[in-house]
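Undergrad: Test case, fold it:
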Amino acid sequence: MDSNKERIMNYEEIIMQVVDLAKEVGIYLREEQKKLKSDDIEKKGQHDFVSYVDKTAEQKLVNQLKIILPDAGFIAEENSVERIDKDIMWIIDPLDGTTNYIHGMSPFAISIGLMKNQKMIGGVVYEVGLDECFYAWKDSYAFLNGNKINVSSTTLLEDSLIATGFPYYDYSRLEPFMTTLSYFIQNTHGVRRLGTAATDLIYVACGRIDGFYEYGLSPWDVAAGAFIVQQAGGIVSDYNGDSNYIFGKEILASNKGIYSDFLTVIKDTM
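TA: Numbering: from 1, shown residues only. Coordinates of the predicted model:
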């Protein structure tokens, strides 16, 4: 076996361990959602919530990810582990879609990305409510519960279904965002707002949604899902068409057929 194949197999082994871990923590999320009370919920911002569930789930992830890759660092939403930048980094969101979660709704997801030397090499997004696990690793296809997935084949923006997320703390670009929303409502099959960017991205990856865009996001919201979109044959960029979408707080993801027109609308308005 040559060294390249060996590396690919190692990536696969790591990601499949993460898949098992995400499903295990997903069981915890499902069980705790039934028990959650209003007193358990803390407010980080006007529309930004956290509970003991987020924090405990993150600690469960961190503890096991340290075993899988002992030398890796972490970028984690709930800061349960100190950020120390290393060549290999886990980028994790233990519960993307907390607002849905605390209201007894779906979707909500666990997002776990793996970055090496500032490039993504793996991603797992587990949409807990539907028990759907999306994943990919470097040089692999993208998968949903073991089955290969691809982005949609839609070629016209007017035939596409678009997803977005509403701003929840940064309203500085609200007016141009509303302009994009008005355009897509009138010129596509419609706009969906699921309440979790990780889920929006994996739905682009499997072709349920043709394009997704949002600003004000953090690395843990998008790292894993964006990688899975790319491995499924899609395109991911920032609003300028460049690659600063993990840390740049804006992201656009779509299939190749509508990408150019989709990007043009965003650039002209945002």
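
Undergrad: Local confidence estimate at the residue nearest to residue 120 when sequence neighbours are not counted?
TA: Once flanking residues are discounted, residue 120 sits nearest to residue 227: 4.1 Å by C-beta to C-beta, 6 or more residues apart in numbering. For glycine as for every other residue, the C-beta is placed from the backbone atoms N, C-alpha and C. On the pLDDT scale, residue 227 is placed at 98.

Undergrad: wait, what's in contact with residue 227?
TA: Counting by C-beta atoms under 8 Å, 6 or more residues apart in numbering, residue 227 touches 113, 120, 122, 123, 136.

Undergrad: who wins for most neighbours among those residues?
TA: residue 123 (32 neighbours; other C-beta atoms under 10 Å).

Undergrad: where exactly do the strands run in the stretch 1-150 of the chain?
TA: For the stretch 1-150 of the chain, strands defined by DSSP state E, counting those that start in this stretch occupy the ranges 41-45, 48-51, 73-76, 88-96, 109-116, 119-127, 132-137, 142-144, 147-149.

Undergrad: Now tabulate those in TSV and tack on mean pLDDT and distance to residue 64.
TA: Formatted as TSV, these follow (pLDDT from 0 to 100; distance: least, C-beta to C-beta, whole Å):
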stretch	mean pLDDT	distance to residue 64
strand 41-45	63	25
strand 48-51	66	21
strand 73-76	96	12
strand 88-96	97	11
strand 109-116	98	10
strand 119-127	98	12
strand 132-137	98	16
strand 142-144	98	21
strand 147-149	98	25
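
Undergrad: need those in JSON lines with distance to residue 198, can you?
TA: Shown next, in JSON lines, are the strands of the stretch 1-150 of the chain (distance: least, C-beta to C-beta, whole Å):
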{"stretch": "strand 41-45", "distance to residue 198": "18"}
{"stretch": "strand 48-51", "distance to residue 198": "16"}
{"stretch": "strand 73-76", "distance to residue 198": "14"}
{"stretch": "strand 88-96", "distance to residue 198": "4"}
{"stretch": "strand 109-116", "distance to residue 198": "4"}
{"stretch": "strand 119-127", "distance to residue 198": "5"}
{"stretch": "strand 132-137", "distance to residue 198": "9"}
{"stretch": "strand 142-144", "distance to residue 198": "14"}
{"stretch": "strand 147-149", "distance to residue 198": "15"}
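
Undergrad: and of the ones you listed, who's closest to residue 158?
TA: Proximity to residue 158, assessed across the strands of the stretch 1-150 of the chain by C-beta to C-beta, is greatest for strand 147-149 (24.2 Å).

Undergrad: ok, residues contacting that closest one?
TA: Here strand 147-149 makes contact (C-beta under 8 Å, 6+ apart) with 134, 141, 142, 143, 205, 206, 207, 232.
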